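Provided below for reference: sequence and predicted model.
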Amino acid sequence: MMTTRSQVTGYTDAKGYTEYTIKTGGVQTSHRFSDFLALHAELDLPGKPTFPASKRATHGEAVKSDRQARFEEYLNALIAASEGKMPRPLSCFLGLERDQVMEQGVLDKDGVLWNTAAVGTNISRPAGSKASTCYELMQEAISRYGAKPAVGRRALLKRHYEALGGGREVEKLELGPSYEWLSYAEYGKAMGELGAGMVGFAGLKPQDRVVIYAETQREWMLAAQAAWTQSLQVVTVGRVLSPTGQPPTSWARF
């Protein structure tokens, strides 16, 4: 009989959104409203409870307190509906698989993280693909789809900031109503040209590491795939740094 219960113990406001603190079996996690929505959409449970009908406003203590109570009731209803076999999306959401997930990975001699059962091996690829690298996979797509739309974006019309009170503000973007598309062929051409520029202008060599310092967007992925055309390694950095520009001391070293 499953005895696991979750408690939503409080909430904090940061950078324009509210995070709710959840404690389950001694493990603590924090999630936004949008995280709860994503969890609800991903779960496929018989008898899945209805998502809490709390309005999505992020201001007002009464709204946040009401949502806190609703989220706790909702999580425990999900646990009960699992009937002793908690689905992985829910257990990950609650932080219960963190240790197991870490145990499933291993670093190779180059510092690359792999699944323990398949070090150095690509264990899956799309049906019919013979690709062994991200570059080869993209070339297959370019060859197959050519003039069809590949990646799109909406034009940025306006960027402004709204005050939240207490000297805080949140960035707001106004985007155009329609998407501007690049075809697979156009995207492939841009990949090749940008990759050649990385080598020609920056003098990068195969296996050199590249950090793309940008928000997640079409150009970030284009830069990553351009790097892969030249056998460059793309590494990531956290976008949240301390006032001194250094990562928080709680971050793991690797």
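Looks like it came in fine. Numbering: from 1, shown residues only.

helix/strand/coil for residue 159?
strand (DSSP: H, G, I helix; E, B strand; the rest coil).

the one 4 residues further on now?
The assignment at residue 163 comes out as strand when based on three-state DSSP.

please tell me how far the residue nearest to it when sequence neighbours are not counted sits from residue 17.
Spatial nearest neighbour of residue 163, excluding adjacent residues (Cβ to Cβ, 6 or more residues apart in numbering): residue 169 at 5.2 Å. (Glycine included, C-beta is placed from N, CA and C.) Relative to residue 17, residue 169 is positioned 13 Å away (Cβ to Cβ, to the nearest Å).

in this structure, which residue is most central in space?
The chain has residue 216 as the residue nearest its centroid, 9.3 Å off, counting by Cα atoms, centre = their mean.

which strands or helices does the longest helix along the chain pack on?
What stands out as the longest helix in the chain, according to DSSP state H, is helix 61-81. When contacts are defined as 3 or more Cβ pairs under 8 Å, 6 or more residues apart in numbering; DSSP states H and E, helix 61-81 packs onto strand 6-14, strand 17-24, helix 33-42.

quick one: strands adjacent to the shortest one?
Using DSSP bridges, the neighbouring strands of strand 17-24 in the sheet come out as strand 6-14 (antiparallel), strand 27-32 (antiparallel).

buried residues in the first one, which are they?
This points to strand 6-14. For strand 6-14, the neighbour count (16 or more other Cβ atoms under 10 Å) marks 6, 8, 11 as buried.

what does the last one give?
Neighbour counts using 16+ other Cβ under 10 Å place 29, 31 of strand 27-32 among the buried residues.

likewise stretch 188-195?
Per 16+ other Cβ under 10 Å, stretch 188-195 contains these buried residues: 188, 190-191, 194-195.

of these, which belong to helices?
188, 190-191, 194-195.

let me have those in JSON lines, extended by pLDDT and distance to residue 150.
JSON lines is the format used below for these (pLDDT from 0 to 100; distance: Cβ to Cβ, whole Å):
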{"residue": "188", "pLDDT": "96", "distance to residue 150": "8"}
{"residue": "190", "pLDDT": "96", "distance to residue 150": "10"}
{"residue": "191", "pLDDT": "96", "distance to residue 150": "11"}
{"residue": "194", "pLDDT": "95", "distance to residue 150": "15"}
{"residue": "195", "pLDDT": "95", "distance to residue 150": "17"}
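
out of those residues, the closest to residue 142 would be?
residue 188 (4.0 Å; Cβ to Cβ).

ok, and the closest non-adjacent residue to the closest one?
Using Cβ to Cβ, 6+ apart, the closest residue to residue 188 is residue 142 (4.0 Å).

who's in contact with the one you found?
184-185, 187-188 (Cβ atoms under 8 Å, 6 or more residues apart in numbering).

any of those residues buried? List them.
Neighbour counting by 16+ other Cβ under 10 Å classes 184, 187-188 among the contacts of residue 142 as buried.

returning to what we had before: closest one to residue 87 among the strands paired with strand 17-24?
Minimum separation from residue 87 across those (Cβ to Cβ) falls at strand 6-14, 14.5 Å.

now residue 4: how far from residue 70?
Distance, residue 4 to residue 70, using Cβ to Cβ: 19 Å.

circling back to that earlier point, which two among the contacts of residue 142 are spaced furthest apart?
The span of those, defined through Cβ to Cβ, is set by 185 and 187 at 7.3 Å.

shouldn't residue 126 be within a helix?
No - counting by three-state DSSP, residue 126 falls outside a helix, being coil.
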